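[1] kindly return the folded structure for what I paste below:
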Amino acid sequence: MGAPGRSALDALLPTLRSDLDIDVCVVNGENAADGIGITPRLADRLLAAGADVITLGNHAFRRSEIGPYIEGSDRLIRPANASKNTPGRGLTVVSTSNGARLAVINVLGSLFLDPATSMFEVVDELVDQAVSQTPLVLVDVHAEATSEKVALARWLDGRVTAVVGTHTHVQTSDARVLANGTAFITDAGMTGPHDSVIGVEAELAIRRMRTGLPVRFETAQGDVRIEGAVIDCDSGSGKASAIEAIRIPFSA
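    Below you'll find the model as predicted:
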């Protein structure tokens, strides 16, 4: 979320990768540019900080300059159920530091986000494409409704390694491995300022809610932390054995 989140990743992600023995790292960059969207420069910065893949969401194209960049990138993906006329792709496969390969799928939920197509209409084909290349598959489901995220995880249980929810900026306490070996968390949380209203200066968000008038939002600055999840899995079977939500404080 904005400059505070980027600064936290710059400072801490390389050390976290080492300390936690991370083989591959996926970052949702939906709010990297002042809280809305992402630019080519910031995508490069997240990748340089230690992200192997960047996923997006409903603000994927709020910055017009990202179109040509994402069209030529195999490490920045957008929701697969966006319009077919949208630049980029919703599935990519990357190598991990231990020699395995991870497929990453990005989909968008329907409630309040209005994708071109329901994620349930495209996800089976995407998963088939992914598992034809590697047993390790992670799905970033960028959605408002917790029910949609849980339903997708249940539908994919045993067919993918993990389903990780993003979008709400609020980390949930339900990290678990489902019955057939798929790790799941409803929302991985927000890397950014938590002394805020989901990353926005609280006074500005409250003013808009109380008055109904337009207010220009600004990214907050206080209580910055990295939030996410660490998943243990078997690179041969693609099954997950553990998932743990993490919360790392950061002081500039």
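[2] can you give me the helices for the stretch 101-250 of the chain?
    Per DSSP state H, counting those that start in this stretch, the stretch 101-250 of the chain carries helices over the ranges 119-131, 146-156, 202-211.
[3] quick check: P4 is in a helix.
    Yes. According to DSSP: H, G, I helix; E, B strand; the rest coil, P4 belongs to a helix.
[4] tell me the pLDDT at it?
    Per-residue confidence (pLDDT) for P4: 97.
[5] residues in contact with it?
    Going by Cβ atoms under 8 Å, 6 or more residues apart in numbering, P4 touches 192-193, 219-221, 224, 250, 252. In this view, the C-beta of every residue, glycine as well, is placed from N, C-alpha and C.
[6] again, but for L126
    When contacts are taken as Cβ under 8 Å, 6+ apart, L126 is in contact with 80, 90-91, 105, 107.
[7] mind redoing it with 6 Å?
    By Cβ atoms under 6 Å, 6 or more residues apart in numbering, the contact list for L126 reads 80, 91, 105.
[8] what does the nearest residue to A252 once chain neighbours are set aside show for phi and psi?
    Once flanking residues are discounted, A252 sits nearest to S7: 5.9 Å by Cβ to Cβ, 6 or more residues apart in numbering. Dihedral pair for S7: phi -60, psi -40, per degrees, to the nearest 10.
[9] tell me how many other residues surround S7.
    The local packing of S7 (other Cβ atoms under 10 Å) involves 16 other residues.
[10] E203 now?
    Neighbours of E203 (other Cβ under 10 Å): 12.
[11] just S97 next, same as before
    Neighbour tally, S97, other Cβ under 10 Å: 12.
[12] and it, how far is that from S7?
    Distance, S97 to S7, using Cβ to Cβ, to the nearest Å: 24 Å.
[13] so which of the contacts of L126 comes closest to S132?
    Closest to S132 out of these is L91 (11.1 Å), distances taken as Cβ to Cβ.
[14] against E218, how distant is the closest one?
    Taking Cβ to Cβ, one finds L91 at 35 Å from E218.
[15] check S147 too.
    S147 is 32 Å from E218, where distance means Cβ to Cβ.
[16] more neighbours: the two, which one.
    Higher neighbour count among S147 and E218: E218, with 15 against 12, using other Cβ under 10 Å.
[17] surely the more buried one is in contact with E201?
    Yes. Look at E218 against E201 with Cβ atoms under 6 Å: they come within range, at 4.9 Å.
[18] beta partners of P249?
    Counting by DSSP bridges, P249 is bridged to R225.
[19] heads up, I number from 59, so please use that
    Fine by me, first position is 59 from now on; the one you just mentioned is P307.
[20] that one is in contact with I284, isn't it?
    No. Contact between P307 and I284 fails when scored by Cβ under 6 Å: they sit 8.2 Å apart.
[21] before we move on, back to that, out of the contacts of P62, which are buried?
    Buried residues within these, counting neighbours by 16 or more other Cβ atoms under 10 Å: 250-251, 277-278, 282, 308.
[22] which one of P307 and I284 is surrounded by more residues?
    I284 (21 against 11).
[23] next one: that one from T113, what distance?
    For I284 relative to T113 (Cβ to Cβ), the value is 16 Å.
[24] state the distance from the residue lying closest to V258 once chain neighbours are set aside to T144.
    Of all residues not flanking V258 in the chain, F275 sits nearest, at 4.7 Å (Cβ to Cβ, 6+ apart). With distances taken as Cβ to Cβ, F275 is found 25 Å from T144.
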